[in-house]
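Student: the amino acid sequence is not available; the structure is as follows:
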DNA sequence: CAGTGGTCTAGACCACAGG
DNA sequence: CTGTGGTCTAGACCACTGG
């Protein structure tokens, strides 16, 4: 009685994709509504909905109530980068991971840090610098400030065997964050740690995380010259 | 008779998030299965499924058949960057967009390009370099090779008023692509176009797109010094 | 082999926004 | 006001995989 799997949402999506790629539905075109497609594909409307919704999330379709569904004119490519624990990143590449703590201090932060973390300029924060290694060669340099007002337990950690990167992700929850990617010239200090010439072009990832309205940490990770972050569309 | 909206999937998700952030469900914990949660929340199981599925896509939960659903130990942050048409990127920042074609030639490509595009080393390809401007200052330098075997119509375009970036996205479909982010030192030529010192650290985005099994284009976009790509988690 | 997530169905109500 | 997408329900079958 139950005609199961007349269509899967993936099969509907595949056919829709085919029509878009084959230019049967061109960029800007209005495509049939969910009810019509459900009838054509002999499936329930929610099945069509799921297929189209996930294409819309990917930027290939634009959907608006009443206005219907259109093929995106300029599909906005969405590149999703996985920002994992650095140790896992190294190990996933099949390399041996190494870690060296370079600096651990509690002191008043530079104003751009205290401002970013929304703490008083006189507040003393935990500052940690550490080098991550891949097969004994420098992989990334982590420069981190931790808001010890909100994360007092960080003070008890010496970060000599576990990186702040890993400890925080394990121990401190966050509800939102900002990430920025940029290129930066290596300072003399960066160059010393990463064992590269001064002013080398380094890929920098800056993160700022929050737990509700409390800042948690601000970190800059500088990758060794030549490092790439890859993804596919 | 129909008790509509006893719960929305968003409200279920919100409560699940609350429990995770409040450490009621700790990293690594097994959480109740869908049927139990549906009973607790007095909603249908697919509603719970949708809520949990989207959290799993975000990396906060790990789901496996039979094994159940666990709170991720090390939530992998997924940073989604929107790679739009450069003109739109500039205009969305409220700036005036400008465009200058710097080079257009048809010639044999460097081997790393012909290899990436999977075309014969003797094949002549279309090479375009162009500068994108924001309020009359250099914003990004586009260096592109187009596979004219698969996209012969590109030959007819002079790319003097519309960028290859924009024309391709409008005119040529692709089914998949690779994106890589890196930092590179500015060459003398880069520096001339971007009006910056040689060896400046530049953010580079390399893209390679395919239409089924045919390569479409390989492009490197170099952004002016200081450029950031931002996103939130 | 048994429990869990993955998914489909048919029907329904609802929210939003275009005309 | 009306058409479109957004979503929920209750029940069901299925696929995968851990034990």
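Tutor: Right, received. Where do you want to start? Source: prediction; values computed, not measured. Numbers count the residues shown, from 1 in each chain, chains lettered A, B, ... in the order given.
Student: residue A:75: what secondary structure?
Tutor: With DSSP: H, G, I helix; E, B strand; the rest coil as the basis, residue A:75 sits in coil.
Student: check contacts around it.
Tutor: By C-beta atoms under 8 Å, 6 or more residues apart in numbering or on different chains, the contact set of residue A:75 is A:27, A:59, A:60, B:169. C-beta here means a position set from N, CA and C on the backbone, and glycine is covered the same way.
Student: my read: the third one touches residue A:71, true?
Tutor: Yes - applying C-beta atoms under 8 Å, one finds residue A:60 in contact with residue A:71, separated by 7.2 Å.
Student: overlap in contacts of the two?
Tutor: Residues touching both residue A:60 and residue A:71 (C-beta under 8 Å, 6+ apart) are residue A:20.
Student: show me the domain layout of chain A.
Tutor: A:9-71, A:86-223 (automatic domain parsing).
Student: the longest one near chain B at all?
Tutor: When you say that, I think you mean domain A:86-223. Yes - contact of domain A:86-223 with chain B is found when judged by C-beta under 8 Å from any C-beta of the partner chain, involving A:88, A:166, A:169-170, A:173, A:175-185, A:199-204, A:207, A:209, A:211-212, A:223.
Student: returning to that earlier point: got a quick ChimeraX command for the buried subset of the contacts of residue A:75?
Tutor: A single ChimeraX command selects the buried members of the contacts of residue A:75 (16 or more other C-beta atoms under 10 Å in any protein chain shown):
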select /A:27,59,60 /B:169
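Student: quick one: closest of the domains of chain A to DNA strand D.
Tutor: domain A:9-71 (3.0 Å; C-beta to the nearest atom of the strand).
Student: end-to-end on the closest one?
Tutor: Length of domain A:9-71, first residue to last, C-alpha to C-alpha, to the nearest Å: 18 Å.
Student: tell me how far it is from the chain's mean position?
Tutor: Offset of domain A:9-71 from its chain centre (C-alpha atoms, centre = their mean, to the nearest Å): 28 Å.
Student: relative to strand B:201-211, how tilted is the helix or strand hosting residue A:207?
Tutor: Assigned by DSSP states H and E, residue A:207 belongs to strand A:201-211. Interaxial angle of strand A:201-211 relative to strand B:201-211 (axes from the mean of the first three to the mean of the last three C-alpha atoms, to 10 degrees): 90 degrees.
Student: show me what the next helix or strand after strand A:201-211 is packed against.
Tutor: Counting by DSSP H and E, the next helix or strand C-terminal to strand A:201-211 is strand A:214-223. If contacts are counted by 3 or more C-beta pairs under 8 Å, 6 or more residues apart in numbering or on different chains; DSSP states H and E, strand A:214-223 sits against helix A:111-116, strand A:137-146, helix A:164-171, strand A:201-211.
Student: what's residue A:61 sitting at in phi/psi?
Tutor: In terms of degrees, to the nearest 10, the main-chain angles of residue A:61 are phi -120, psi 150.
Student: quick one, grab the pLDDT at it.
Tutor: Reported pLDDT at residue A:61 in the predicted model: 95.
Student: nearest spatial neighbour of it, skipping sequence neighbours?
Tutor: Closest residue to residue A:61 apart from its sequence neighbours, by C-beta to C-beta, 6 or more residues apart in numbering or on different chains: residue A:55 at 4.7 Å.
Student: and the angle from the host helix or strand of the one you found to helix B:45-57?
Tutor: Element membership of residue A:55, judged by DSSP H and E, is helix A:45-57. If you take the same axes, to 10 degrees, helix A:45-57 sits at 20 degrees to helix B:45-57.
Student: can you give me the buried ones in the following helix or strand past helix A:45-57?
Tutor: Using DSSP H and E, the helix or strand that directly follows helix A:45-57 along the chain is strand A:61-64. Going by neighbour count (16+ other C-beta under 10 Å), the buried part of strand A:61-64 is A:61, A:62, A:63.
Student: strand A:61-64 pairs with which strands, and in what direction?
Tutor: Taking DSSP bridges as the criterion, strand A:61-64 forms sheet pairs with strand A:68-71 (antiparallel).
Student: the partner strand close to DNA strand D?
Tutor: Yes - Strand A:68-71 lies within reach of DNA strand D by C-beta under 7 Å from any atom of the strand, at A:68, A:69.
Student: quick one: strands adjacent to the helix or strand following that strand?
Tutor: In the C-terminal direction, the helix or strand that comes right after strand A:68-71 (DSSP H and E) is strand A:77-83. Looking at strand A:77-83 with DSSP bridges, its partner strands are strand B:77-83 (antiparallel).
Student: contacting residues around the strand it pairs with?
Tutor: Contacting residues not belonging to strand B:77-83 are listed as A:59, A:76-84, A:177, A:179, A:181, A:207, B:58-59, B:179, B:205, B:207, B:229, B:231, B:233 [C-beta under 8 Å, 6+ apart].
Student: now which of these would you call buried?
Tutor: Here, 16+ other C-beta under 10 Å leaves A:59, A:77-79, A:81, A:83-84, A:177, A:179, A:181, A:207, B:59, B:179, B:205, B:207, B:229, B:231, B:233 buried among the contacts of strand B:77-83.
Student: where does pLDDT dip in chain A?
Tutor: A:1-6 (pLDDT under 70).
Student: can you rerun that using 50?
Tutor: For chain A, the stretches with pLDDT under 50 are A:1-5.
Student: kindly report the residues of it close to DNA strand D.
Tutor: Contacts of chain A with DNA strand D, taken as C-beta under 7 Å from any atom of the strand, map to A:2, A:4-5, A:33-35, A:45-46, A:49, A:52-53, A:56, A:63-69.
Student: just the buried residues of these.
Tutor: Looks like the residues of chain A next to DNA strand D have A:34, A:49, A:52, A:53, A:56, A:63, A:69 buried, using 16+ other C-beta under 10 Å.
Student: show me which positions of stretch A:204-221 end up buried.
Tutor: A:204-211, A:215-221.
Student: who touches it?
Tutor: Contacts for stretch A:204-221 (C-beta under 8 Å, 6+ apart): A:83, A:86, A:113, A:116-119, A:140-147, A:149-151, A:164-165, A:168, A:172-184, A:222-223, B:21, B:77, B:183, B:233.
Student: could you redo the last one with a cut-off of 7 Å?
Tutor: With C-beta atoms under 7 Å, 6 or more residues apart in numbering or on different chains as the test, stretch A:204-221 has contacts from A:113, A:116-119, A:140, A:142-147, A:150-151, A:168, A:172-184, A:222.
Student: what's around the closest residue to residue A:68 other than its chain neighbours, how many residues?
Tutor: Nearest non-adjacent residue to residue A:68, counting by C-beta to C-beta, 6+ apart: residue A:30, 5.2 Å away. Residues near residue A:30, counting by other C-beta atoms under 10 Å in any protein chain shown, number 11.
Student: so residue A:30 versus residue A:61, what's the distance?
Tutor: 11 Å (C-beta to C-beta, to the nearest Å).
Student: need the residues touching each of those two.
Tutor: Counting by C-beta under 7 Å, 6+ apart, the residues touching both residue A:30 and residue A:61 are residue A:70.
Student: which residue comes closest to residue A:146 once chain neighbours are left out?
Tutor: Nearest to residue A:146 is residue A:126, by C-beta to C-beta, 6+ apart, at 4.2 Å.
Student: tell me if I am right that the one you found is in a strand.
Tutor: Yes - counting by three-state DSSP, residue A:126 is located in a strand.
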